[in-house]
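Student: generate coordinates for the sequence data below:
(one chain, ligands or ions: 1)
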Amino acid sequence: MIWNETKECMSRDEMDTLQSARLVKLVNRVYHNVEFYRKKMQSMGIEPGDIRGIEDITKLPFTTKDDLRDNYPFGLFASPMSEIVRIHASSGTTGKATVVGYTRRDIEVWQECVARVLAQAGIGKNDIIQVAYGYGLFTGGLGLHYGAENLGATVVPMSTGNTKKLVDMMVDFGVTAIACTPSYLLHIAETVEDMGFRNQIKLKKAICGAEPWTDGMRKQIQESLGIDAHDIYGLSEVVGPGVASDCEYHCGLHVYEDHYYPEIIDATTLTPVGDDVLGELVFTTLTKEGIPLLRYRTKDLTSISHKPCECGRTLPRISRFKGRSDDMLIIRGVNVFPSQVETALLDVPGTLPHYQMVVDRVNNLDTLEITVEVDERFFNEDSALRDALKKKVTHTFKNSLGIMAEVKLVEPKTLERSMGKSKHVIDNRHLV
Ligand code: DLL
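Tutor: Predicted coordinates for the structure are as follows:
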């Protein structure tokens, strides 16, 4: 049984009706409770009465991360503080954190959406799940925690910190599911192997997200641990984890559009694009009370499809993320995404999925160095083998990125492991 069959399998007409009613209510709420939106709508000559259904959504203004920062900390809240029961925040690399507030009802909806994600991955109340996202202001830990409790699973609130202890408990408790970033799960897989516990773990499912990862990396995780790994997407501004996730067919992520209305826009013209066209993902939070957002620009690049899924859900699917419009590097005029490096490495046997890109500017020319971990054997045997591998990796990068990179091969576990979101890129050009 799926978690909320009534909402996940609605016909298009039923969903349009539900979304339209929710949008009309939302627009009235923000117009009357949030000065920022009232002023913005007035400056565009829009009144709440102009929004009669979901088809009118493009008349509404966009919201950006800067709008949240400019109204720090509580300026965009649509509920009085007496109704806010929780705060989360995400720290950016620059400026103030973005702060979000939840009413009791917001927390209930969030728990339901995360429970849907878990149910969609085949996790149920007989599962024991380790939540190894960070707990605290980051939405990952508590988001997964309450979603899993809501589903009735047994939660082990590990957070991040001590990987050996996590693996010990995984064995001792008979843990069957884990939620953490995909890069941390790769590190956990290495630790399981090092501790000699590969045949003693009962792990079956993983719920990975909070950072971009490729389908190849999913397969690597699945093979190294003998499990099924699912993709979970979300962002703190919209709610946290649980905005979208993939089903057993792994053909894109179903968006819980009864709560989070998705649009894909051209990031330059800001106009909506059609199905299967890459663009920037935008969300309107149809049911949020604490800090509802109109057309929030995520900066995440993906495409959407409304084609039916084999699983029977009618929810649209967004494809795996191509990156963020602000993660895209422009090196010597060429657009480069870190995910391209990850994908390229999958084609070269002997390389490991751990890499770091360093971009610099020397004599006004951009340079790119990519450090890649490779199998131990390339350091134990003849160095000619390593040279040949280096040549192959360099050639593969040239083909897939379209520019030459200086490649450095290093032994396994040389690069620092991350327990949260991994940092694959160091761009020294911004430091000067
Ligand atoms: O990362 C919420 C989350 C926690 C999602 C746990 C999944 C699991 P933020 O810290 O606000 O929230 O970061 C949101 O992370 O805009 C994407 O760029 C990226 N991101 C999140 N999930 C995925 C994913 C949490 N599955 C930002 N694939 C988003 C790719 C992801 N990128």
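
Student: CA only for contacts and neighbour counts going forward, please
Tutor: OK.

Student: list the beta-bridge partners for Y296.
Tutor: Per DSSP bridges, the residues bridged to Y296 are T63, F283.

Student: quick one: contacts for it?
Tutor: 62-64, 238, 282-284 (C-alpha atoms under 8 Å, 6 or more residues apart in numbering).

Student: tell me the SS of A179?
Tutor: strand (DSSP: H, G, I helix; E, B strand; the rest coil).

Student: one step back: farthest-separated two in the contacts of Y296?
Tutor: F62 and V238 (13.4 Å; C-alpha to C-alpha).

Student: re the thing from before, including pLDDT, neighbour count and distance to K96, could the contacts of Y296 go into TSV?
Tutor: Shown next, in TSV, are the contacts of Y296 (pLDDT from 0 to 100; neighbours: other C-alpha atoms under 10 Å; distance: C-alpha to C-alpha, whole Å):
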residue	pLDDT	neighbour count	distance to K96
F62	98	18	20
T63	98	19	17
T64	95	17	14
V238	98	23	18
V282	98	24	22
F283	98	23	22
T284	98	24	23
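
Student: need the residues of the stretch 301-432 of the chain near the ligand, please.
Tutor: Contact residues, the stretch 301-432 of the chain versus the ligand (C-alpha under 6 Å from any ligand atom): F321.

Student: okay, strands next: where are they in the stretch 301-432 of the chain?
Tutor: Here the stretch 301-432 of the chain has its strands, by DSSP state E, counting those that start in this stretch, at 304-305, 317-318, 323-324, 329-331, 334-336, 351-362, 365-374, 406-410, 425-427.

Student: mean neighbour count, the ones you listed: which tops it?
Tutor: Between those, strand 317-318 has the highest mean count of neighbours, a mean of 26, where neighbours are mean count of other C-alpha atoms under 10 Å.

Student: quick one: strands adjacent to that strand?
Tutor: strand 253-255 (antiparallel), strand 304-305 (antiparallel).

Student: and the ones you listed: which comes nearest K413?
Tutor: By C-alpha to C-alpha (comparing all of these), the closest turns out to be strand 253-255, at 31.4 Å.

Student: are that closest one and the ligand in contact anywhere?
Tutor: No. Applying C-alpha under 6 Å from any ligand atom, one finds strand 253-255 separated from the ligand by no less than 8.6 Å.

Student: any idea which helix or strand comes after that strand?
Tutor: Where DSSP states H and E defines the elements, the next helix or strand beyond strand 253-255 is strand 260-265.

Student: and that following strand, what does it pack against?
Tutor: With contacts taken as 3 or more C-alpha pairs under 8 Å, 6 or more residues apart in numbering; DSSP states H and E, strand 260-265 sits against strand 279-285.

Student: pLDDT on the longest helix belonging to the chain, on average?
Tutor: Determined from DSSP state H, the single longest helix within the chain is helix 12-33. For helix 12-33, mean pLDDT rounds to 97.

Student: buried sites along that helix?
Tutor: 15-16, 18-20, 22-27, 29-31, 33 (16 or more other C-alpha atoms under 10 Å).

Student: and I330, how far from the ligand?
Tutor: Remark: distance between I330 and the ligand (C-alpha to the nearest ligand atom, to the nearest Å) = 18 Å.

Student: list the beta-bridge partners for that residue.
Tutor: N335.

Student: give me the pLDDT for T94.
Tutor: Reported pLDDT for T94: 49.

Student: hang on, G140 packs against G147?
Tutor: No. Counting by C-alpha atoms under 8 Å, G140 does not reach G147; the two are 10.7 Å apart.

Student: does any part of the helix or strand containing L118 sit near the ligand?
Tutor: In the assignment (DSSP H and E), L118 maps to helix 104-120. No. For helix 104-120, no contact with the ligand is found by C-alpha under 6 Å from any ligand atom; the gap never falls below 9.8 Å.

Student: what is that helix packed up against?
Tutor: Using 3+ C-alpha pairs under 8 Å, 6+ apart, helix 104-120 sits against helix 139-151, strand 240-246.

Student: so which of those is the most packed in?
Tutor: Each of the helices and strands packed on helix 104-120 was scored by mean neighbour count; the highest is strand 240-246, a mean of 26, by mean count of other C-alpha under 10 Å.

Student: pull the residues that contact it.
Tutor: Counting by C-alpha under 8 Å, 6+ apart, 110, 113-114, 117, 120-121, 139-140, 143-144, 210, 230-235, 252-256, 260 sit against strand 240-246.

Student: with just CA atoms, put it into PDB.
Tutor: Extracted C-alpha coordinates of strand 240-246, given in PDB (Å, rounded to 0.1, in the frame of the first residue of the first chain):
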ATOM      1  CA  GLY A 240      13.300  20.700   3.700                       C
ATOM      2  CA  PRO A 241      13.600  17.100   2.500                       C
ATOM      3  CA  GLY A 242      10.400  15.500   1.100                       C
ATOM      4  CA  VAL A 243       9.500  17.800  -1.900                       C
ATOM      5  CA  ALA A 244      10.200  15.000  -4.400                       C
ATOM      6  CA  SER A 245      11.700  11.500  -4.500                       C
ATOM      7  CA  ASP A 246      12.000   8.500  -6.800                       C
END
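
Student: since that was my last question, I'll sign off now.
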